[in-house]
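# everything below, folded, please.
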Amino acid sequence: MQTQNKYEGVQEAESSGIPSKAKIGIAILLGIVLSIFAITRKPSQSLPPEDDSPKLYSVDIRKDSSTGDEIMYLDVRYQDINGDAEYIDWTILDPTTNDVFLYDSYLEDAKENQIEGSSFTGTLYCLGGEQAVTLRVILHDRAGNESNPLEFELNCR
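Down below sits the predicted model:
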């Protein structure tokens with residue numbers, strides 16, 4: 001009477017060059033690694049999060065010298081997918097004189113216009129002689145998000 005070896009498959013595995021205990025250990029280790037990955041992986045890693053911040057696209061500059069001093073109108077194209085943009089933050093980064101004025105302001109544009117894309121206008125007063133000016137504009141919304149900054153240089157006369 002022959003007895004059947006209950007470890008017959010294990011003996012075959014050992015004959016393939018990798019001991020069965022090592023294969024079991026590798027399988028357990030692989031299972032642990034995959035479990036840790038599945039637990040620590042966040043759903044947001046599969047898709048990038050949607051960015052709710054306003055977007056600034058471009059600045060068009062219009063000049064008016066009819067008053068003697070040069071006034072520049074800075075038309076900024078933007079879009080806010082939530083329609084809650086509210087504050088325009090202008091910064092004069094590099095004036096060559098102090099005779100340049102530009103004021104922050106609140107945005108008064110309908111929610112529908114903001115969602116589709118719209119523009120706002122800043123007014124830069126150049127009261128001195130010829131000078132180079134570097135500006136930055138950032139748009140803020142009610143949720144506390146900031147737009148991308150737009151920086152540009154212009155010459156006042």
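
# ok, the closest residue to I115 other than its chain neighbours - contacts?
The shortest distance from I115 to any non-neighbouring residue, by C-beta to C-beta, 6 or more residues apart in numbering, is to G83 (4.7 Å). The C-beta positions use only the backbone N, C-alpha and C, and glycine is treated the same way. Going by C-beta atoms under 8 Å, 6 or more residues apart in numbering, G83 touches 110-112, 114-115.

# out of the residues you listed, who has the most neighbours?
Q114 (23 neighbours; other C-beta atoms under 10 Å).

# quick one: it and Q79 touch, right?
Yes: between Q114 and Q79 there is a contact under C-beta atoms under 8 Å: 7.0 Å.

# anything in contact with each of those two?
What both Q114 and Q79 touch, as defined by C-beta under 8 Å, 6+ apart, is the set P54.

# quick one on the thing from earlier: can you confirm the residue nearest to I115 is in a strand?
No: G83 is assigned coil when assessed by DSSP: H, G, I helix; E, B strand; the rest coil, not a strand.

# just the pLDDT for it.
We note a pLDDT of 96 for G83 in this prediction.

# what's the distance between it and R77?
Noted for G83: a distance of 16 Å to R77, by C-beta to C-beta, to the nearest Å.
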